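K.L.:
I'd like to go over a predicted model; first the sequence, then the structure.
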Amino acid sequence: MDLTPLHEVEAPSDLRRRVHRRRRWSVLVISAVLIFAMAFITAQGLRNATLFFRNVDEAVEQRSELGERRFRIQGRVIPSSVKSESGLTTFEIVHNCVVASVLHSSDPPELFSSPWIPVVLEGHWIAGEVMTLGGNDSHYFSSDRMLVKHTNEYASANEQRVTEEPPEGFLDQCSFEVPAAAS
Amino acid sequence: MPGANSAAKMTATPVTRVLGVSALAATALMAVLGLIVSPPDVIQGEAVRMLYVHVPSIWIAYGSFALTSTSSVLFLRRSRRRADQGRHYDRLAGSAAEVGVVFTAITLITGMLWGKVTWGTYWQWDARLTTTVLLFVTYLGYLALRRLPAEPTVRSRRAAVMALISFVNVPIVHYSVDWWRTLHQKASLSVGRRPEITGEMYWTLLYSTLAVTILATWLIIHRYRVIRLEELRDEEGLEALIASRLNKDVGSH
Amino acid sequence: MSEVATVVVGWGITFVALATYSTWVVLRGKGIGQELGIGEIEQSDVEKDTSATTDS
């Protein structure tokens, strides 16, 4: 009589090893999927954050495609242009020698009063003839939210005074002159 | 108990006591320099004093997370050879991560307060703030993973892998202000770039970093030792449980 | 909140958080040490011990 088993019986340790290997593969696959998902979410999140603001020159250039859409614009405030009246503040911001007129409708942060401070404004373009330092413009920016974007430059208030002068080299290539701020 | 005597040597030692007293004295001097001696900023005024707690905190967090990653790599390399090897690397990884999380939380809170007086808002989802909060949440996840019930070596291996994945975000947080447009200003100090901070403020910032580093070192050492004690307690608890089971079995037969 | 108040709150939160965490770490160590019955050994042993040894 032939007593040889029809199927070769696996030793328990072999079986365990095979199960372990399979489990390891499934852990690897799940990890890869999780990492991919995290990277995807981060990339999506950062895509929104990457265009946190448009500089003035870009916002003016993209004016037709932006239409009345809400977005953030960034530029330095021209000190001589700031006027406040009945809760509204009007001023001009400049970046890369392109100037935009702004009508702002909420309380500006405290640091707004610093000359040439960079600000990020939330709002949209509105059609309307305005006269800016850079010449006549067909639109102005209507904003209701202002964030001050301070720089990483720190100087002792005991040694330096606040100056009305623009930052070094900031207006070097510009064709317009900036008048002194009314004190 | 065989571990008791060795555990005793792992708690406070004269060196850590000296380190602890130094940390206390250094942070007291940091407060004097940061709050009284250093001048106000020409634009930000008194608000600039937040710099001396906010910036060193994130640097310490980066350093702690780097230590977690290095220890995790060493743990993974050692534990592959023998299951019980490299346990001290796992403990170091865990203690450094916890200290890193504390300092990241401080960075976020002080940053929000500083943001309110300078930017005019507590929070904005720009790239720097988003990646920093992601860093905080990821390492909280890492600490949670370390507490999940599992066989210790398996749990430590999982945590080590998680630590390495989490660390990918550290350079992203640091360079986010250069890679993307953010409301957050660029790095206060960078290698190879002239600092934009004047004398007294610059030295106060460097001193604050040193003071916080001493404190963080003391915390990591002590937390490491507490983790070792926690392990001893768990082992002892397990031994007691086995002994009580054996007694029960003997009694029932 | 004024600039000064912000600074006081910011520094205050930082110091309170670090002091709380440090105290928690020390007390947890002492608590577990006592649970394991090594609290008293620790004190006398540490006084004699001049080297800052870890178990590594």
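P.N.:
Nice, I can see it.

K.L.:
what stretches of chain A score poorly on pLDDT?
P.N.:
Within chain A, the stretches with pLDDT under 70 are A:1-50, A:160, A:180-183.

K.L.:
Okay, domains of it per the record?
P.N.:
Chain A breaks down into these domains under automatic domain parsing: A:10-50, A:54-148.

K.L.:
Can you name the residues of the stretch 51-200 of chain B that neighbour chain A?
P.N.:
Contact residues, the stretch 51-200 of chain B versus chain A (C-beta under 8 Å from any C-beta of the partner chain): B:51, B:117-121, B:124-127, B:130-131, B:134, B:161, B:165, B:180-183, B:185-188, B:196-200. C-beta: built from backbone N, CA, C; applies to glycine.

K.L.:
what's around the nearest residue to A:Glu159 once chain neighbours are set aside, how many residues?
P.N.:
Residue nearest to A:Glu159 in three dimensions, not counting chain neighbours: B:Thr198, with 6.8 Å by C-beta to C-beta, 6 or more residues apart in numbering or on different chains. Counted with other C-beta atoms under 10 Å in any protein chain shown, the neighbours of B:Thr198 add up to 18.

K.L.:
what's the distance between B:Thr198 and A:Ile73?
P.N.:
Here B:Thr198 is placed at a distance of 31 Å from A:Ile73 (C-beta to C-beta, to the nearest Å).

K.L.:
Distance check, the residue nearest to A:Glu159 against B:Pro39.
P.N.:
For B:Thr198, the distance to B:Pro39 - C-beta to C-beta - is 8 Å.

K.L.:
Find residues that contact each of those two.
P.N.:
Shared contacts of B:Thr198 and B:Pro39 (C-beta atoms under 8 Å, 6 or more residues apart in numbering or on different chains): A:156, A:159.

K.L.:
which one is the residue in chain A positioned nearest to chain C nearest to, not counting chain neighbours?
P.N.:
Closest approach of chain A to chain C (C-beta to the nearest C-beta) occurs at A:Glu110, with a separation of 8.0 Å. Leaving out its chain neighbours, the residue that sits closest to A:Glu110 by C-beta to C-beta, 6+ apart is B:Val117, at 6.9 Å.

K.L.:
Now do the contacts for that neighbour.
P.N.:
Contact partners of B:Val117, counting by C-beta under 8 Å, 6+ apart, are A:110, B:44, B:47, C:1, C:3, C:6.

K.L.:
What's the first helix or strand after the host helix or strand of it?
P.N.:
Secondary-structure assignment from DSSP states H and E places B:Val117 in helix B:87-118. Per DSSP H and E, the first helix or strand lying C-terminal to helix B:87-118 is helix B:127-147.

K.L.:
Okay, angle between that next one and helix B:87-118 too, please.
P.N.:
With axes from the mean of the first three to the mean of the last three C-alpha atoms, to 10 degrees as the basis, helix B:127-147 and helix B:87-118 are set at 150 degrees to each other.

K.L.:
Mind jotting down where the helices sit in chain C?
P.N.:
Under the criterion DSSP state H, chain C contains helices at C:3-35, C:39-48.

K.L.:
tell me the SS of A:Asp137?
P.N.:
strand (DSSP: H, G, I helix; E, B strand; the rest coil).

K.L.:
Does it touch A:Trp125 like I think?
P.N.:
No. Counting by C-beta atoms under 8 Å, A:Asp137 sits too far from A:Trp125 to count as a contact (10.2 Å).

K.L.:
Out of the residues of the stretch 51-200 of chain B next to chain A, which end up buried?
P.N.:
Neighbour-count burial (16 or more other C-beta atoms under 10 Å in any protein chain shown) applied to those gives B:51, B:117-121, B:124, B:126-127, B:130-131, B:134, B:165, B:180-183, B:185, B:187-188, B:196-198.

K.L.:
tell me which residues in stretch B:174-181 are buried?
P.N.:
Buried-residue list, stretch B:174-181, by 16+ other C-beta under 10 Å: B:174, B:176-177, B:180-181.

K.L.:
Contacts for that stretch, please.
P.N.:
A:46, A:49-53, A:74, B:62, B:126-128, B:131, B:182, B:184-187.

K.L.:
of those, list those near chain C.
P.N.:
Okay, of the contacts of stretch B:174-181, nothing touches chain C (C-beta under 8 Å from any C-beta).

K.L.:
Mark which of those residues are part of strands, please.
P.N.:
Among the contacts of stretch B:174-181, DSSP state E puts A:Gln74 in strands.

K.L.:
By proximity to chain A, which residue of chain B wins?
P.N.:
For chain B, C-beta to the nearest C-beta, closest residue to chain A: B:Gly120, 3.0 Å.

K.L.:
ok, that residue to A:Thr132 distance?
P.N.:
Taken as C-beta to C-beta, the spacing of B:Gly120 relative to A:Thr132 amounts to 24 Å.

K.L.:
and if you look at C:Tyr21?
P.N.:
54 Å.

K.L.:
In three-state terms, label the nearest residue to A:Trp116 once chain neighbours are set aside for me.
P.N.:
Leaving out its chain neighbours, the residue that sits closest to A:Trp116 by C-beta to C-beta, 6+ apart is A:Arg76, at 4.9 Å. Look at A:Arg76: counting by three-state DSSP, its state is strand.
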